[in-house]
Every structure is written in C-alpha cells, then in structure tokens.
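Asker: sequence first, then the predicted structure, then my questions.
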Amino acid sequence: MGRHTLPTLVAIDGPAGSGKSSVSRAAARRLGFAYLDTGAAYRAFAWLNLDNGTDTSDTDAVRRLLPEFDYSIGTDPDEYYVRVGQIDVTDAIRSPEVSAAVSAVARIPAVRSQLTDLFQSLASNVDRPGVIIEGRDITTVVAPEAEVRILLTASEQARMDRRSAEITTQSAETVAEQLRSRDRADSQVVDFMSAADGVITVDSTHLDFEQTIQAVIDVINTRTKRAFA
Ligand SMILES: Nc1ncnc2c1ncn2[C@@H]1O[C@H](COP(=O)(O)OP(=O)(O)OP(=O)(O)O)[C@@H](O)[C@H]1O
Ligand SMILES: Nc1ccn([C@@H]2O[C@H](COP(=O)(O)O)[C@@H](O)[C@H]2O)c(=O)n1
C-alpha cells in the first residue's frame, strides 16, 4: 500500500547545546516518529572537506565538492547513523575539528540549497506517522509549513554547562568559547534565537532532560490535537 497521508512535520530549531538533537530523538522515539538531524549533514560535508584537504574559506573549492557529497543518515531514532559514501562518520562528525569548520561551509548558499532539498526529500519519505526535524532554519526555511514549529532554547550558561559536561576532552572555557563562536557564526546565516510567527518557544533553562522531552511532546499533542503520547 502506498502512503495516503504525509507524515506530521515537527520542526525544532535552537542554538548550540539547547538540547535539540537529544530531546528531538527521545521525543521521536516515544511518539513512534522518525527523527532527522539536519546538523549532521552540515557536519558530514565539513568532514568531507577536511578529509579532502579543502580550504573551507575557499567558497569555490567547497562548492566544487558538493557533487561528490554522497550522504546518508538513519532517520529511525533507534538506528541512527551518518555515512559519507560507505564510510560511517557518525562519531567523526562530532570532533572539535569538524565543529570548528562546519559554520564556514554552512554559510555558503549553494550548500544550504542542496542540503535543504535533501532534508525536504528525506522528511517526506519517512515510513512513520510523523517526523521531527531539528536544526537552525527548519521552522523558517526547510519546513515553514510544518504543523508544529518549536524554538528550543536555554540560557547561554545552561547550554555551556551541558555541553562541557558531555565534552570531557576540552576545558569548560574552550568548550564555552567554541559554542559562543559557533552561535555567532551561525546567526549570521539564520536567526535561530527568536521565534518566528507561529513558532512556540520551549525554554529548558530550568527544566531537566525528562521535563524538556515532555514539554516538547505536550506542544506536539496540543498543536496536532492528537494524543500521540
Ligand atoms: N533540559 C536538559 N537538562 C539537562 N541536560 C540536557 C537538557 N537538554 C539536553 N541536555 C544535554 O545537553 C547536551 C547537549 O544536548 P544536544 O547535543 O541535544 O544539544 P544540541 O542543541 O543538539 O546541540 P548542537 O546544536 O550543538 O548539536 C547533551 O548531553 C544532552 O543530554
Ligand atoms: N539546519 C541547520 C543545521 C545545522 N547547521 C549548521 O551545522 C552546524 C552543526 O549543527 P548541530 O545541530 O549538529 O550542532 C551548526 O552549527 C550550523 O553551522 C545549519 O546551518 N543549519
């Protein structure tokens, strides 16, 4: 049987360390939804550039690599993987080197255009009743028509504390500075710090992980007028 209805689209944006990936994945798992981590694609393309020895400040050189970007990602929250060609880069794309390079490639319009088309195609082809798509420009560019649009944010201090708690290979100061500079670079490209019209803000500064997941699920249930979970 072919699909008769399109999946419910849930778009979640927010700054670095706000909990987008971990909260979206956990909420998708509980709802029986698919989960699309859009940041992983930008990270994987930055990884390809670094692996290829491309100068990521050379826009033409980065653009020339786009046709070679053979990308795949797992959208089942329980079978998450990120691949470039046959190479599994799930862990490699989280390295400090990739985190330092990703904003440079993400600011190139041709990169954004190709990846946005890819995200829209991936989201419409999931074999689930819904899909949670998370990133920076989902509520505004990738899926502005989404039934549910959420800005997941937290104070800069809370986001830094959380990020430095998970990254033990660098000092808290280094992690904090990297997070600030990535947010600064990213906010040149798209505003993910203020909610566009129709976007619900969930501020997790004073919520723990479980409370944040429930807050997101509550918004989804309210906006779709269904009791998914
Ligand atoms: N409300 C919360 N309370 C405590 N810890 C949290 C909360 N939300 C997320 N975390 C933790 O904070 C860390 C960062 O979360 P996550 O990686 O999902 O953020 P992110 O928004 O996807 O960041 P980035 O955009 O940089 O990928 C993770 O270790 C996650 O478990
Ligand atoms: N929709 C998006 C998602 C991500 N980016 C860029 O990728 C970087 C990594 O994203 P994470 O969610 O994995 O931290 C992010 O800092 C942006 O530079 C984007 O531009 N648009």
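Answerer: Done, it's in. Ligands and ions are numbered 1, 2, ... in the order given.
Asker: which residue sits closest to the residue most central in space within the chain, ignoring its sequence neighbours?
Answerer: By C-alpha atoms, centre = their mean, the chain has its centre lying nearest to G135, at 3.0 Å. Ranked by C-beta to C-beta, 6 or more residues apart in numbering and with sequence neighbours excluded, the top spatial neighbour of G135 is T38, at 3.5 Å. Where C-beta positions appear, they are placed from N, C-alpha and C, glycine not excepted.
Asker: SS state for L9?
Answerer: Classification of L9 using DSSP: H, G, I helix; E, B strand; the rest coil returns strand.
Asker: how many other residues sit next to it?
Answerer: 24 (other C-beta atoms under 10 Å).
Asker: am I right that it is in contact with P144?
Answerer: No - contact criterion C-beta atoms under 8 Å: L9 and P144 do not qualify, at 10.0 Å.
Asker: please name the residues that touch whichever residue of the chain sits closest to ligand 1.
Answerer: Nearest residue of the chain to ligand 1, counting by C-beta to the nearest ligand atom: G19, 2.8 Å away. Residues counted as contacts of G19 (C-beta atoms under 8 Å, 6 or more residues apart in numbering) are L152, A154, R162, S204, F209, T212.
Asker: how near is it to V84?
Answerer: Using C-beta to C-beta, to the nearest Å, we find G19 at a distance of 26 Å from V84.
Asker: can stretch 110-121 be found next to ligand 2?
Answerer: No - Stretch 110-121 does not reach ligand 2 (C-beta under 6 Å from any ligand atom); its nearest approach is 6.9 Å.
Asker: mind listing residues that contact that stretch?
Answerer: Here stretch 110-121 has contacts from 36, 38, 41-42, 45, 62-63, 66, 69, 71, 105-106, 133, 135, 137-138, 141-143, 189, using C-beta under 8 Å, 6+ apart.
Asker: filtering these by proximity to ligand 2, which remain?
Answerer: Among the contacts of stretch 110-121, ligand 2 is touched by T38, Y42, A106, G135, D137, I138, V189 when using C-beta under 6 Å from any ligand atom.
Asker: those residues, buried ones only, as a PyMOL selection?
Answerer: Typed into PyMOL, the line below selects the buried ones among those, using 16 or more other C-beta atoms under 10 Å:
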select buried, resi 38+42+106+135+137+138
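Asker: nearest to L31, of the ones next to ligand 2 among the contacts of stretch 110-121?
Answerer: I138 (16.8 Å; C-beta to C-beta).
Asker: so which elements touch the host helix or strand of Q178?
Answerer: For Q178, the host element (DSSP states H and E) is helix 172-186. Applying 3 or more C-beta pairs under 8 Å, 6 or more residues apart in numbering; DSSP states H and E, one finds that helix 172-186 contacts helix 96-106, helix 156-166.
Asker: is the last one positioned near ligand 1?
Answerer: The one in question is helix 156-166. Yes - residues of helix 156-166 contacting ligand 1 under C-beta under 6 Å from any ligand atom: R162, R163, E166.
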